[in-house]
Each structure stands twice: as structure tokens, then as C-alpha cells.
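Visitor: show me how the following folds:
(chains A, B, C and D)
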Amino acid sequence: MKKQTVDSRPAGPKPWYDPRIRSLFFQFVAIALVFWGGWTLVDNTLSNMESRGISTGFGFLNETAGFGIIMSLVPYDATMTYGRTFFVGLMNTLLVSAMGIVAATIIGFIIGVARLSSNWLVAKLALVYIEVIRNIPLLLQIFFWYFAVLGSLPSPRQSVEVGGSFFLNNRGLYLPEPITQDGFGLVWGALIVAIVAVVGLRTWAKRRQLATGQIFPTFKVGFAILVILPVLAYLTAGAPLEWDLPALKGFNFGGGITIIPELAALWIALSLYTASFIAEIVRSGILSVSKGQTEAAKALGLPNGLTLRLVVIPQAMRVIIPPLTSQYLNLAKNSSLATAIGYPDLVAVFMGTTLNQTGQAVEVVAITMAVYLTISLTISLFMNIYNRAVAIKER
Amino acid sequence: MGNTMTDQTQATGSTGPVPSQKDDSSSAIIRVESMNKWYGDFHVLKDLNLSVRQGERIVICGPSGSGKSTFIRCINRLEEHQQGKIIVDNIELTDDIRHIDTVRREVGMVFQHFNLFPHLTVLENCCLSPIWVRKTPRKEAEEAAMEYLERVKIPDQANKFPGQLSGGQQQRVAIARALCMKPKIMLFDEPTSALDPEMIKEVLDVMIELAGSGMTMLCVTHEMGFAKTVADRVIFMDGGEIVEEAPPHEFFTNPQEPRTQKFLEQILDH
Amino acid sequence: MNNTKSMAAGAVMLCGVLAAPFATAATTLESVKEKGHLQCGVTSGLPGFSQPDDKGNWTGIDVDTCRAVAAAIFGDAQAVEFTPLTAKERFTALQSGEIDMLSRNTTWTLTRDASLGLNFTGTNYYDGQGFLINKDLGVNDATELDGATICIQAGTTTELNLSDYFRAKGMEYQPIVFDTSEQTVQGFAAGRCDVLTSDRSQLAALRSKLTDPSSAEILPNTISKEPLGPVVRQGDDQWFNIVKWVLFAQINAEELGITSANVEDMLKSDNPNVQRLLGTDGDMGAKLGLPDDFGHKVIKQVGNYGEMYDRNVGPDTPLGLDRGLNALWTEGGILYAPPLR
Amino acid sequence: MAEPMLKPPKVAISPLDWMRQNLFSSWYNSLLTIVVGYMVVTSVGPLFTWLFFEATFLGDEPSDCVGTGACWLFISQRLNFFIYGFYPDEFQWRVDVMFLLLAVCFVPQFIERFPGRKWFGLFGLTGLPVVGYFLIPGGNFGLEIVESSKWGGLMLTLILAYIGIIASLPIGILLALGRRSEMPIIRGICVVFIEVWRAVPLITVLFMASVMLPLFLPDGMNFEKLMRALIGITLWQSAYMAEVIRGGLQAIPRGQYEAADALGLGYWKKTGLIILPQALKMVIPGIVNTFISLFKDTTLVLIIGLFDILGTVQSTVTDPAWQNVAIEGYVFVAFCFWVFCFGISRYSQNLERKLDTGHKT
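Guide: Numbers count the residues shown, from 1 in each chain, chains lettered A, B, ... in the order given. I've put the predicted structure just below:
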């Protein structure tokens, strides 16, 4: 800094007319008020809880839960603790959110592109889809997919069956579960080798293109490597994989992988609903790339596919990412509607049953809210990182 | 970063207040004394000194990026300076909000992009500040505004919205709006540079008329014809410094500094 | 430049929302009297226990329990407002003071009594958990239920009992947990589960909601004890006593043969027990902080326990439940109220 | 803008040409058209048959529903309940008056040339809630009190969404201004407030508001359930509102701030007279969109036991008297929401288009 402090700078006014001091003062007042408000709330809550004899603290997390949960990604039974139920609920929330995000993105992009199709019928159909789905409350759609569709599925004994290994009934969708035997490690190894090979291939192809201008069909060859290597490994290891087929045992099917109707209904409803928003985002993202860009690309002689891949999509993505992020956040939050149809997500299991068995509402709700806050911040963080990466590439 | 640093040194190290009423050169309505300004680490205004008498008309010119707009905006504190003094109408511009408010009441400003309020009619634009700042009764304010609109020759547009006017008309409204506060000083920040050529004249006519009425004016402009007719002094700025300061005929016919000469060559050549 | 002011003002407003003037604490009875009505938490819809019709009039045995308390306090059984609550909400609502008493077929357990800051005041219905099952499955006993899918309502003791029962028997099951009893029935009706489990009284009520009630049957097994009763907050013994003794008064009235029909005649009774109950003798009411004739008002307007039972869940109602355990101790049941003296 | 002197020549396109251009322009487009067309025909036919052709519209009792189609009797018989909830019959005129006023205020907004439609809208935002405050609950002017526990159905849905939006508007404005403040602490407080509320699902907010709020408040201070739900919805919504308004504030060019400063307007006058009027007008479409999403989200109150329109339907579809009317019920609610949301969103799109052109000239 090259300023001397000796000379005559603007003179200091009286403190209460100095905006800096004023600003400090008001900020101090604001923070004092927030603390006072917060303290009043906490104080009220504590004294209310004390006077009503409600126990406090997080000790309850170590007590035995004693209730069953239909679906759990981690081992769980009724003898485990409330802390475990939290974990089970959290995993289920994350599962349905992740599944929903993937499906909604795929459907949303397809519908968004279809909306711009030159085929009149397809474009109109996409429009109808968007306008119908996004103007109906999500909760209603969840109810519909659950109660209305569930009622029309057959009972386990009359299951819809495909090839003796896939079953569909009102208890869910049953799929065969792969069970790896000794020697399957070889297949995993082959897969890793294949991935490394493809990455190497891509680098090589790019370098070669830069040097000689020849374009190598990286995608096709890479895909072939990814498939062929693991299959070869699988065969040489003597097909070390068995399938656990679902079969009717007593009331229900046992074995295999089950997708329970609650998960399916929630997943379908969340995906379709969010997809209708994503479709609009994708459409406006593509439209936001000015026609001049496409014309310029065409004038340079790029074919349609390359124009799309090299010019339109990179630019559209910049417009698409921020609103897409908030749709992902919405989806994660909306997954809490699970509680309405009995899918054991965090809100249903932890803020529902656990809260009710322990009665410790404040602690349970605080933990639940903290989880959602964390999920939100994490998604924003990743999307920001991605957004930055895309933005840098553009400049 | 640099900015906040200076702010702090300044706030903490502030010494004796400068008496605002002490006037050794009482005829000067604007006094700028060794004023410096930085944007972060970038030194935009370097040790400026200027004294403007009541009724004086000054044109400031210079290449783009020379700091002339920043300078003029410092005079009604749209920009903050960090060193030196600016004294307007015997009031020093300090951090004191009362002083800033008073100065802004006395100084009218016309912007390059007009900055009319698009949601208000022309008349409302003009009356806004008299009503809300000067606390003039509405009717009085409207009458005064109509007078000024007549002076800038667009009384018939009073009830239109700015968006419905041409650029030249808008700029004249902006001048009328500034005049409605009955300012002692008018600042013009490149008032014609966003206009189509055929509209420049109508705005300049208004400004010349205004100059004739004895208003103190500081005008950043490239209109050398205007400078020649109206200005008492022309100031040439470059690189954040005042390079040359001279009456117009001297300035245009016999510039002293090589930078001025080069600038004039470029601007007058085509 | 004085935007500082603005922001501070904004902050003040926000905080103002959070911290407002405070009233002082009062006893529940005082605050109920001040409000002019009793705020009572009930289920959002369970025939026989608490169910609104499409005009919002509530009926049911739990509802009558609330009305009896209102009659005792105000002499007006209509001075009650009902807050429909899901099982999940009920305790929090009571703890937080949203409701004055909870009468929502809630099972009396040690944990709830000890660690929730609540007190059960008695039992207005002795129940036990049972199973409702589709007849087509051909199951006759709960021990045949290994591997079944079971619909339950969230946040109930039922959830815990079920888990205990199946663990004890070494059987497996899949719980589908719904928020409300309506959704539970809907799930059962849609075939989502083989079995619906709940308190036996509720099973009868829920079965009556099925399109074809005869397609389902209740298994004979009872896997738990479920004393259902009203609940109040801890720390206000007077209020605890009021709710407790209003119910006892109704049970005693049945024992003494006082009904809403003959209560005026009974005023002239020589039986000191009857006199104390109806307030013609002694100051039983005053000891509770109630009018002395509170018993009279309760019986007159709501009836004795037997009337309450018959009207809502008894054999002549769609639920058609026999008195069973809920008969007076003199008639083979376990209903036994301490004496009013 | 001058009218073009000559209208462009009309090119007659035969339906066949149109089809060739829009449906069968290439081999894969043709294939797509055929596949998609087949799917549409096979699904729309039965759908319409169920919805209309074989549905029962007339009758009084469940037994009148005989066809294989939808049983709309269920809806028409229960319509009163779906619209008013438990609101007593004899006072329903009060709700009707509000419906009427609502229509009077907002239908003109859709009609371009309606005289003074701005004032109708303004009354709808300011006066209407006041009228509703006196009319719906009663208790003044000799109107009988109707407790909020008896409100329900469509009426409750509208009340929740409407009050939620109107109450969150001022809070949202303050938060947005705070978030753009130069004071770091105030900005920080506003950012934290906004981000926390936006991160949390509405269900948890409603749950907190419905059962835990009294725990936070001092003894003796309590609101009724509906009020608490409204407080929760408002705080939650104001965070979203703040972000919408912030967008508008950011879109105001710097010159506007400077011009206001140069005229000597202080912060509040600058904000109130220059910045907010422009910013708010710019974000009307955004506000309308948040209204739509709030309108849909109000269905969540059924989870805390309030009977909004979905709640009333959900609670009656299990009525054993009617055979399997769940789908009819859901379709009815879906239709109600769809009509509202679609209409309003069309309005906001219109507005957006108009504001767009308004800025360019």
C-alpha cells in the first residue's frame, strides 16, 4: 500500500453520523437481537421441558429400539438401538433420493429434448406430459402411484411372472440376486484393467487426433473393451456367479432382491414429477443457446451431431446446471413425503416411530433437520464444483 | 482487500476534523485538494487539485479510462475518495452522512445513460426528489417541474413514461429532473455520448442555455464545440492526473503538454 | 447511506416474531376455565372411539370421556374442542400444551408414564392386540403367520408388541408402517399386506371400513395387554385427579345403577354412595376443584360407563363388541373403581 | 410500430403437406410417429371411456353407479364436504362471498383491457385478506363464530396458500434486502435464515409448527393449530420469496441506484420509491410461480391432520358405502389443482413474455 497516513485525509465526523460506526452499531444490535431471540427460545424450551418432566439429552440413541423396519440397506433388527434406526432411515432417504435424481435426470432430458422435436406428435406429447405432471401436487401423485396402482396389482399367488425369475405382485417387484462365488475377484480385476485401458486409449486417441488429425472411434472400441475383458475373465474363472431366485414361500416370495411398492411408488412419483421440471429446464437451456451459434457451427461445416456435442450442449449446460441443482435439492427434500405411504425413510422411521417411542421431539427433530441441511449443502457443493468446471472449460 | 485496508487505517487514524466553515478562498464553490483515490490497489485519481468559482463552467476531457468520470462522481460522493479534501459549497465531504445528504441536495447530476426511473412518468421523475427530499408540497413541485420541462422544451411529454421518449428527450428530462432540486452546481457525466448524432444537438442546446443562466457546471464531454462555446476552463485528464488546465481558446490552439496535443490530434482529426 | 437503519429494522422485526410478550403459568384447570372449553386430543377417525361426521361432530368412547370431563368442569358436555392427532403427534401435542388431555386409545405403559412427562389417569377400555386377516389365506392362528407382511400404524405400542411376539416365536415378518389408521386400512384393502394388526377393538372398527367386511376375520389370538386410557401432563396433580375421578365417577355410577335416564330420580336416593356421587351430600367436587354436583352433570349429560360403552362400541353398534374385560368386577370383568368417599 | 402495408401472402398448406413436414419428415420420424401414435390411441381410448363414456354422472346413491366407468356420483354427493370441509351449511354463504371476491379481484388480471384491473389486484392483495379475516372466522358484526377446526377442503387449501404468500411477501422483501446489505453480519444472518429454511422439507417444518411450537413459546402463549401451520408455512415460504425478490433486486441496473443517490434520496426512500417498485414488478412471474408451488405444497398439511382438499378426499375414499372410489377421488383433486395451477402458470408466462418485450423497447 502506498498511502501515507500523515496527510489530511477526510476528517472523522461525529461517531453517530459516521456510516461505518452506524453500520457497526446496527450490526451489533442485530446480532444481539438474534442471540437474545435464540436464547429466549432455548430458555423457554428448556424450562417448558423441565416443568413438564420431559427427559432431554441424546442418551436415547443407545436404547433398544424394539420395532421392525421393512427395508434396510444396513443390517437391522429390532434388538438394535435407536441410533441404528436413524442410520437405517438415513440410508433409505439417501437411496430413494439418489435413485430419484438419476431417473429424473434421464427422463427429464429425454422429455426436454422431445419437447423440441421436429416431430409434431412427439413434441405435443412431451408438452402434455409437462403441463399435466407439474401442475398436480406431488403428494397426490404419490398416493396415486401407491394406493391406486397397488390395488390393481395381483396378489403374490397370482404374480406376474417373467421366466421364473422376475415376479411382480402387490408386495413388490422381485428380481434374482447375483451371488458371487470364489474367483469372482478375477472379474472385478478385469473390470478395473478395462477401465484403465479405456482411459489410456482415450488419452492416446486424443493425442493422436491432435497430432495427425485422425479420429479414432474411442467410444465403440472402449465400450467393446469394457464388455469383452470382464466377460473373458468371467468365463476363464468358470462362471463364478450364482443367482438367488425369488420363490413363493408361505405368504410371500423369499430370496432375490425385492423392490417394495412403497419404494417403487415414491421413486416413480418423485422421478416423474421432478422430470417435468427438469424437462423445462433442459428445453430453455437448449433454446438459450442462440441460433447464431448453431448457424456459425454449420457455417464451419460441422455436422448436426457434432454441432450439438461441441457447441450447443456445452453452452446449454451452463444455463441448465444452477436450476437443475435446485431441482435435485427439491427432490431430496420431497423424498420426506415417504412418510405418507409408509416407506421407511428418515422422517418416517426416525422423526416418526423413534420420536414417538422416545418422546424426545426436540432432539429428534433437530437431528433430522441437521441431516437435511447437510444433504442440501452437500448437493450444492458438488454442483458448484461441477458448475465451475464447466464454466472454466467454456472460457 | 486493499480498499478495506485503507478504510480501516483511515477510520482509526483519523485526526483533527477539518472545519467546514473556514473559507480562505470563499469565492470557490468547489475545492478539491490533493485528492487521491484507489480501486483496490489501482490508483485511479492521483493528487488532484481543482478550485471552481461560483458560476464557472468547466469542461473535463481526456481519453477513456483517464478517471474523469470517477473524478466528477467523487464530487457528489457517488464514489468515495480516500485521501485529500473535497469541499463543496463550504461543506467538506467526509463520512458524515449529514454532509453527504446536504451536498447531494445542492449538486445535480446528469448521467451518460440518463438513469430515468422507468416506472415513473416524466413529471413524477422530476417531482420525486423535491417532494421526498425537499419536502415541497406536491402542487408546488409539479408547477416547478413543468417550468423546467418547458425550459428543456418538452412540457408536452410530461405524462409519458421515459421508455416512450427518444434518447435526446430522455436526457433533457434528466437535466430537468436535476434542475428541479434547484441545485447550485450541475455535474454532467458524458451526457451526449449515448445519443444518436441528431439528438446530440438538442441536448447541447439545453446545456448551452443553462450555461448562459449562470449555473456552475462541471461537464465531462468529448463535444469540443461545446467546450469552445461555453467553457471558462478546459481540463485535460490522463492516467488519473490533471495534465493540463487552460481557457478553451488557449487549450485548443496552443496546448502545452505533448499528451494533450496527441489527444487533440486524435479527436479533431477525423 | 443510512441503509444501516433499514437492516436493523428488518432484524428487529424478525426477532420480534420470535420473542413476544409472555403470559404467566396457570394450572391446567384455570387455563381451561379461562379458555371456556376443554381442548382434547383424539384420533383423526376411528369408529367407536372418535370419529367426526361430515359436519364435524365427534362421537366415540374417547370423545365421551372428554365430554364427561367438560361436563364436570363447565356443566356442559359440549364445551370441548377436539384436536385430531396422528399417533406420532399425540404425545408431543400433549407435552407442548397444545391439548389439555389426550383421549386417543392410548396404551398405558411404563415408559410413557415415566419418561414422557405424562400420567395415565386410568383405563376407559381394556384391550389387547390381535390380527385381522384375509379369509382367503386360510390362516386360523397367529402362529401360522411366519413370513407374513403386516400393516401397522406408526408410533404405537403395537409396533413393539408385534416385534416382541414374532421374536419370541422365532418367526419373521415384514412391517408396513402407516401414518393413520385410514391409510392402514387402505393398505390392507389394496392387498399390500396379509395381516393388519392393532388393538382388537380397533380391528373391529377397521374391518367395518372394508368394502366387504366379511372377507376378513379377526384371529382368536391376543398377543398383548392394552389398557387404553386418558393421559394428562405430569406436574399438575389437581388436573390429574379431575380426569381420573370423572372416569371413576362414571364407573361407580354404573355400579350404583345410576343412568342418565334415572339420574334426576336418584337425586332423592337415600344411598349415601349415590348422594356423594351426585353431590347431594358431601363436598367431593370441591376437593377436586370442581362443582359438588359434577357427578350429576356427567351422568346426566354423558351417562355412566355402561351407557358410554353401549352407545359407542357395544353389541348394538357396527363394532359389536361384548363387554368382556370391560364389564364391572361384579359381572365378571375387571372394571373396578375406587370408592368415592 | 407501424403496421406492415402488405400482408404476407398466405401459403396454403394441405393437411397432407403438413403431415409430411411435421410427422413423416424422415424414416425415423415416421417410425416414431407410428409407435407413439399407436400408444396414444390405445391408451387415450380406454381412458376416455372410463372418464366419460361409461361413467356415471347422475344419481343419488352408491348403487346408482353401475357402469364399468368412473363413479362421479361420489364426487357430486360429497362436493360440499370437499369445498367447505366441516364449515356449517348455514354460514357457507360467507365462504361463497370470499370465493366471489377472489374471482372479482383476480379474473380481471387475465383480461388485458379490463379497466382498473391494477386496483382490483391491489385490493386482492391488501383488502381481501382483511375482509376474509372478519368474514370467515366470524365473531364480529354479529357473525357467528366458526372455529378454524371446522374449516376444510378447497377453502382451507386456498386460505393456506393465499395467506402464506401474502404474509411471506414483506418478510421475503426484508430478507432479500438484508441479503444484499453491505453489512456482513446482517447479510450473514439473512443468508443463514434463508438457507436453513430452504434446506428443510416442509413436512418437518409443519410437524414442528403443529406440535412443537408451544414448547418453544412461554407458558400461556399459544395459537390454534391452523395458525401454527400458517406460521410455519409463512416462515418457510418467506425464504423462497426472498430468493425470488433478490433476483429482481439484482436485475435493477446500477444507474438507478446512482441516480437516486444523486437526487439525495436516503436508503429507505431510494428502496421504497425507486428500487422495490421496479424489482417487484419484474419478479411478479416469479412470485406467481412460488404461489403455484406453495399451492401444491399445501396438500402436505394433511400429514399434520388438517383437512385440506386432498385431506377431505383421502378421508372419504375409504368410506365403505362406496366401492373403490379412490381413483375417482384422486382424479377429482388432481383436476382441481391442475385447473388452478395451469391457469395461473399460463398467466405468469404471459406476463413474463410481456415484461420481456417491455424491457427491450
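Visitor: only C-alpha atoms for contact and neighbour calcs from this point on.
Guide: Noted.
Visitor: so the residue sitting nearest the centre point of chain B is in which element?
Guide: Nearest to the geometric centre of chain B sits B:Leu187, at 1.9 Å (Cα atoms, centre = their mean). Assigned by DSSP states H and E, B:Leu187 falls within strand B:185-189.
Visitor: give me the contact list for that strand.
Guide: B:69, B:72, B:106-112, B:178, B:215-221 (Cα atoms under 8 Å, 6 or more residues apart in numbering or on different chains).
Visitor: now the residue nearest to the centre of chain B: how far from B:Ile30?
Guide: According to Cα to Cα, to the nearest Å, B:Leu187 stands 12 Å off from B:Ile30.
Visitor: with D:Asn29 instead?
Guide: D:Asn29 sits at a distance of 75 Å from B:Ile30 (criterion: Cα to Cα).
Visitor: those two - which one has more neighbours?
Guide: Taking neighbours as other Cα atoms under 10 Å in any protein chain shown, D:Asn29 and B:Ile30 compare with B:Ile30 leading, 22 against 19.
Visitor: and the residue nearest to the more buried one when sequence neighbours are not counted, how many neighbours?
Guide: Across the structure, with Cα to Cα, 6 or more residues apart in numbering or on different chains as the measure, the residue nearest B:Ile30 apart from its sequence neighbours is B:Val88 (4.5 Å). Neighbourhood size, B:Val88 [other Cα under 10 Å]: 27.
Visitor: can you read off the pLDDT for the residue in the stretch 1-150 of chain D that chain C sits nearest to?
Guide: Nearest residue of the stretch 1-150 of chain D to chain C (Cα to the nearest Cα) works out as D:Phe86 at 4.8 Å. Note on D:Phe86: pLDDT of 81.
Visitor: ok, and what's touching stretch D:39-55?
Guide: Under the contact criterion Cα under 8 Å, 6+ apart, stretch D:39-55 has outside partners D:Gly67, D:Thr68, D:Gly69, D:Ala70, D:Cys71, D:Trp72.
Visitor: redo that, cut-off 10 Å
Guide: With contact meaning Cα atoms under 10 Å, 6 or more residues apart in numbering or on different chains, stretch D:39-55 is reached by A:121, A:125, D:33-34, D:36-37, D:56, D:65-73, D:328, D:331.
Visitor: with stretch D:116-128 instead?
Guide: Under the contact criterion Cα under 10 Å, 6+ apart, stretch D:116-128 has outside partners D:98, D:101-111, D:114, D:129-131, D:133, D:162-163, D:165-166.
Visitor: let's see that with 6 Å instead.
Guide: Residues from elsewhere that reach stretch D:116-128 (Cα atoms under 6 Å, 6 or more residues apart in numbering or on different chains): D:Cys105, D:Pro108.
Visitor: same check, this time on stretch A:136-155
Guide: Stretch A:136-155 has contacts (Cα under 6 Å, 6+ apart) with A:Asn169, A:Asn170, A:Ala265, A:Leu266, A:Ala269, C:Ala190, D:Lys296, D:Ala334, D:Phe337, D:Trp338.
Visitor: tell me the average confidence for stretch D:69-76?
Guide: 82.
Visitor: next one: stretch A:96-116
Guide: 93.
Visitor: and the residue in the stretch 201-341 of chain C that chain A sits nearest to, how far is that from A:Met71?
Guide: Residue of the stretch 201-341 of chain C nearest chain A, by Cα to the nearest Cα: C:Gln234 (6.0 Å). In this view, C:Gln234 and A:Met71 are 37 Å apart by Cα to Cα.
Visitor: swap in D:Met241?
Guide: Distance from D:Met241 to A:Met71, by Cα to Cα: 37 Å.
Visitor: these two: which is more packed in?
Guide: Legend: neighbour count by other Cα under 10 Å for D:Met241 and A:Met71, higher for D:Met241 (28 against 22).
Visitor: ok, then the element right after the helix or strand where that one lies?
Guide: For D:Met241, the element it lies in under DSSP H and E is helix D:225-251. Once the chain leaves helix D:225-251, the next helix or strand it forms, by DSSP H and E, is helix D:254-262.
Visitor: is any part of that next one close to chain C?
Guide: No. On the criterion Cα under 6 Å from any Cα of the partner chain, helix D:254-262 is out of touch with chain C, staying 8.6 Å away.
Visitor: for that helix, what is the average pLDDT?
Guide: Rounded mean pLDDT across helix D:254-262 is 89.
Visitor: how about it: buried residues?
Guide: Residues D:Gly255, D:Gln256, D:Tyr257, D:Glu258, D:Ala259, D:Ala260, D:Asp261, D:Ala262 are the ones in helix D:254-262 that count as buried (16 or more other Cα atoms under 10 Å in any protein chain shown).
Visitor: do the same with stretch A:326-341
Guide: For stretch A:326-341, a neighbour-count test (16+ other Cα under 10 Å) marks A:327-341 as buried.
Visitor: contacts for that stretch, please.
Guide: Contacts of stretch A:326-341 (Cα under 6 Å, 6+ apart): A:Ser97, A:Val347, A:Ala348, A:Ser376, D:Pro201.
Visitor: so for the host helix or strand of C:Gln183, mean pLDDT?
Guide: Here C:Gln183 is covered by helix C:181-189, with elements defined by DSSP H and E. Per-region confidence: helix C:181-189 scores 83 on mean pLDDT.
Visitor: please apply the same query to stretch B:204-211.
Guide: The pLDDT scores in stretch B:204-211 average 90.
Visitor: now it: how far from the chain's centre is it?
Guide: Chain-centre distance of stretch B:204-211: 15 Å, with Cα atoms, centre = their mean, to the nearest Å.
Visitor: send me it as PDB with only the CA atoms.
Guide: What follows is stretch B:204-211, C-alpha atoms only, in PDB (Å, rounded to 0.1, in the frame of the first residue of the first chain):
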ATOM      1  CA  LEU B 204     -26.300  20.600 -26.100                       C
ATOM      2  CA  ASP B 205     -28.700  23.500 -26.800                       C
ATOM      3  CA  VAL B 206     -30.300  23.000 -23.500                       C
ATOM      4  CA  MET B 207     -26.900  22.800 -21.800                       C
ATOM      5  CA  ILE B 208     -25.800  26.000 -23.600                       C
ATOM      6  CA  GLU B 209     -28.900  27.700 -22.400                       C
ATOM      7  CA  LEU B 210     -28.300  26.600 -18.900                       C
ATOM      8  CA  ALA B 211     -24.700  27.800 -19.100                       C
END
